[in-house]
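Novice: Provide a 3D model corresponding to the input given below.
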Amino acid sequence: MRLRWPTGVAQDEIELAAGAARPIVELDRRGSSCPVLFAWDGSRYRFITDVLGAGVLGHWVAPGTRNVPDPTEYVKIEGFSPSLRNGLLSFQLMEPMEEVVYLDQVRLLAVDHPADTEVFPNEYFASNPPFPEFKVIASRGARPARVWDGNGADVTETLRSRDHRYVDKLELLRFQGFVRPHTLEVDLGEPYTGGPLRLLWYGHIEYFTATSMYAADQAGLQPLAPYVEALNADGQWVRVLDDMGFPAGLPRTITVDLTGKLPPGARRLRVTTNLQIYWDQLLVDRTPEGEPVRVSEAALTRAQLSFHGYPRTIEGATPGDLSYVYEQVSDSGPYARQLGAYTRLGDVRQLLDASDNRFAIFGSGEGVTLEFDSASLPPLPSGWKRDYFFYADGYEKDMDFYAAEPLTVEPLPFRGMGVYPPTLPYPDTDTSLGYRLDNNSRFVGSQDPPAYRFRYGKTRRQFQGESLKPETARPRAR
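Specialist: All right, here's what the predicted structure looks like:
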């Protein structure tokens, strides 16, 4: 018997006896996330993080209300510096799960700065507009803070460095992505007397789904975006920020600007939410504005859409702490595809040069090879270093039962539509109609067989790395 649960997860049950009742437990397996990004490090494509999490389409927010997607994101390449492959900086952006991706534009920014500073994009997942505007945050000498959890336990050492040790004493609820409200109390180290103040949070979220949001709403539970309070001189907690945002998926840094928002003399802060967020590091940054930073862009020279397959998933000890091995790949996976017209395989560079609603549309197991020319980037000044920000503009839609239009590629999203599905049709001009006819010519229909299981081992694609037996390579059920 094959089941397809409301979350979109497919599950097979075998050897069921006739004429007898048998309880069946739904597999706790991730059906959707976001497209994921890899960069060439000189020997292999190394996993960076996921992208476009805030660009999810048609998720339930409240009765009769859908989310407003934020289609743009800047991701810092952290932990290593991309290397040249055949003279170019090479990336892979692919979809490892059960979603359709509408990719509109990609860019690669080189951010040069003095070696004793760190730089971050001004990014976080905001629950509602206005969404964060792009700027480079330059940090010099950011320091760890003293932190306690809601039970009074000192978690300072847990949050001192990025080591995959998370503040994880959360009471999970039966709705995915929701927990009992939990609090972190932060000692800034010295009273606030004005001037710049930022919190640099590094962590990840175990996403809620459209189904869990719907079910939670039926139970009278609403998502509580992380908000910030400060302890004033009278000993009262006062709210200073209603929504500080959260990481848009897998581990990354978010910046929380508290400049001018705290009462004079405040030293203690409190952050509260009921979302399943796991923090790995917290730094307090008081760097003044005006640190020298230079931003330049590497030209996109190649964008090739193709089928890659399903890279091996590695799960950490904390829910949602995932990474992927690009070169260890299965030709099939336990996922279906939305019905409709996808972009024909091959060269899609012209579709990704500008934000113009001309998408490279691809689905489960597919991705885009992206290559950028760094030869025209300016030389680094003495004593400076270079970081890279990867920019993605686009949307993604999963097959959750309670997402809007979950089973089809149409209707296409577009800039300025507001909520999804849009109340207005996709803007069909001569240019956009020509784009659709010339590019979106690869059809997935109801008779196309879905791929429902991982088949590592004897496939046409051989691992370039470690050789795995099929039974050990199969991802662990979640």
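Novice: render the CA-only coordinates of the helix or strand hosting Val101 in CSV, please.
Specialist: In this assignment (DSSP states H and E), Val101 forms part of strand 99-114. Presented in CSV, the C-alpha positions along strand 99-114 are these (Å, rounded to 0.1, in the frame of the first residue of the first chain):
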residue,chain,number,x,y,z
GLU,A,99,9.6,21.5,-4.5
VAL,A,100,9.5,23.6,-7.6
VAL,A,101,12.0,26.5,-7.8
TYR,A,102,11.5,29.7,-9.8
LEU,A,103,15.0,31.2,-10.1
ASP,A,104,15.0,34.7,-11.5
GLN,A,105,18.5,36.1,-11.0
VAL,A,106,21.8,35.2,-9.4
ARG,A,107,24.9,37.4,-8.6
LEU,A,108,28.2,36.9,-6.9
LEU,A,109,29.6,39.9,-4.9
ALA,A,110,33.2,40.2,-3.8
VAL,A,111,33.3,42.1,-0.5
ASP,A,112,36.8,43.4,0.3
HIS,A,113,37.6,44.7,3.7
PRO,A,114,40.5,45.0,6.2
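Novice: right, and the helix or strand after it?
Specialist: Taking DSSP H and E, what comes next after strand 99-114 is strand 118-121.
Novice: that following strand pairs with which strands, and in what direction?
Specialist: Taking DSSP bridges as the criterion, strand 118-121 forms sheet pairs with strand 136-139 (antiparallel).
Novice: now the strand it pairs with, how far from the chain's geometric center?
Specialist: Averaging C-alpha positions (Cα atoms, centre = their mean, to the nearest Å) puts strand 136-139 21 Å from its chain's average.
Novice: show me what counts as buried in it.
Specialist: Buried residues in strand 136-139, counting neighbours by 16 or more other Cβ atoms under 10 Å, are found at 136-139. (C-beta placed from N, C-alpha, C; glycine too.)
Novice: for the strand holding Val101, packing partners?
Specialist: Under the contact definition 3 or more Cβ pairs under 8 Å, 6 or more residues apart in numbering; DSSP states H and E, strand 99-114 sits against strand 88-94, strand 294-307, strand 360-362, strand 366-373, strand 384-398.
Novice: could you rerun that using 7 Å?
Specialist: strand 294-307, strand 360-362, strand 366-373, strand 384-398 (3 or more Cβ pairs under 7 Å, 6 or more residues apart in numbering; DSSP states H and E).
Novice: name the residues of the last one that come out as buried.
Specialist: The reference is to strand 384-398. Within strand 384-398, the residues that qualify as buried are 384, 386-398, counting by 16+ other Cβ under 10 Å.
Novice: which one of these is nearest Asp373?
Specialist: Nearest to Asp373 among the buried residues of strand 384-398 is Tyr388, at 13.4 Å by Cβ to Cβ.
Novice: who's the closest one bridged to?
Specialist: Residues in beta-bridge contact with Tyr388 (DSSP bridges): Ala110.
Novice: export stretch 354-365 to PDB, keeping only CA atoms.
Specialist: Output of stretch 354-365 as PDB, limited to C-alpha atoms (Å, rounded to 0.1, in the frame of the first residue of the first chain):
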ATOM      1  CA  ALA A 354      18.200  40.200 -14.400                       C
ATOM      2  CA  SER A 355      15.200  40.300 -12.100                       C
ATOM      3  CA  ASP A 356      12.500  40.300 -14.800                       C
ATOM      4  CA  ASN A 357      10.000  37.500 -14.000                       C
ATOM      5  CA  ARG A 358      11.700  35.200 -16.600                       C
ATOM      6  CA  PHE A 359      12.500  32.200 -14.400                       C
ATOM      7  CA  ALA A 360      14.600  29.200 -14.700                       C
ATOM      8  CA  ILE A 361      12.000  26.700 -13.400                       C
ATOM      9  CA  PHE A 362      13.200  23.400 -12.100                       C
ATOM     10  CA  GLY A 363      12.100  20.600  -9.700                       C
ATOM     11  CA  SER A 364      13.100  17.800  -7.500                       C
ATOM     12  CA  GLY A 365      16.600  16.500  -8.200                       C
END
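Novice: which residues are contacting it?
Specialist: Residues outside stretch 354-365 that contact it (Cβ atoms under 7 Å, 6 or more residues apart in numbering) are 95, 97-105, 305, 307-310, 333, 335, 337-338, 342-343, 348, 351-352, 368, 393-394, 409, 414-415, 427, 432, 435, 440.
Novice: that older thread, just how off-centre is the strand holding Val101 within its chain?
Specialist: Averaging C-alpha positions (Cα atoms, centre = their mean) puts strand 99-114 13 Å from its chain's average.
Novice: so who does Arg46 touch?
Specialist: 38-39, 80.
Novice: A strand includes it, no?
Specialist: Yes. Assessed by DSSP: H, G, I helix; E, B strand; the rest coil, Arg46 belongs to a strand.
Novice: pick out the most distant pair among the buried residues of strand 136-139.
Specialist: Farthest-apart pair in the buried residues of strand 136-139 is Val136 and Ser139; separation 10.2 Å (Cβ to Cβ).
Novice: which one (most neighbours) among the contacts of Arg46?
Specialist: Among these, Ala39 has the most neighbours (other Cβ atoms under 10 Å), with 25 neighbours.
Novice: separation between that one and Val111?
Specialist: Counting by Cβ to Cβ, to the nearest Å, the gap from Ala39 to Val111 is 15 Å.
Novice: same question, Gln304
Specialist: For Gln304 relative to Val111 (Cβ to Cβ), the value is 26 Å.
Novice: got the phi/psi numbers for Ser432?
Specialist: Backbone torsions of Ser432, given as degrees, to the nearest 10, read phi -70, psi -30.
Novice: what about the nearest residue to Tyr426 once chain neighbours are set aside, neighbour count?
Specialist: Distances taken as Cβ to Cβ, 6 or more residues apart in numbering put Leu412 closest to Tyr426, at 4.5 Å, once the chain neighbours are dropped. Residues lying near Leu412 (other Cβ under 10 Å) number 23.
Novice: pull up the distance across stretch 167-178, start to finish.
Specialist: 15 Å (Cα to Cα, to the nearest Å).
Novice: which residues in the stretch 151-300 of the chain form helices?
Specialist: For the stretch 151-300 of the chain, the helices defined by DSSP state H, counting those that start in this stretch occupy 210-218.
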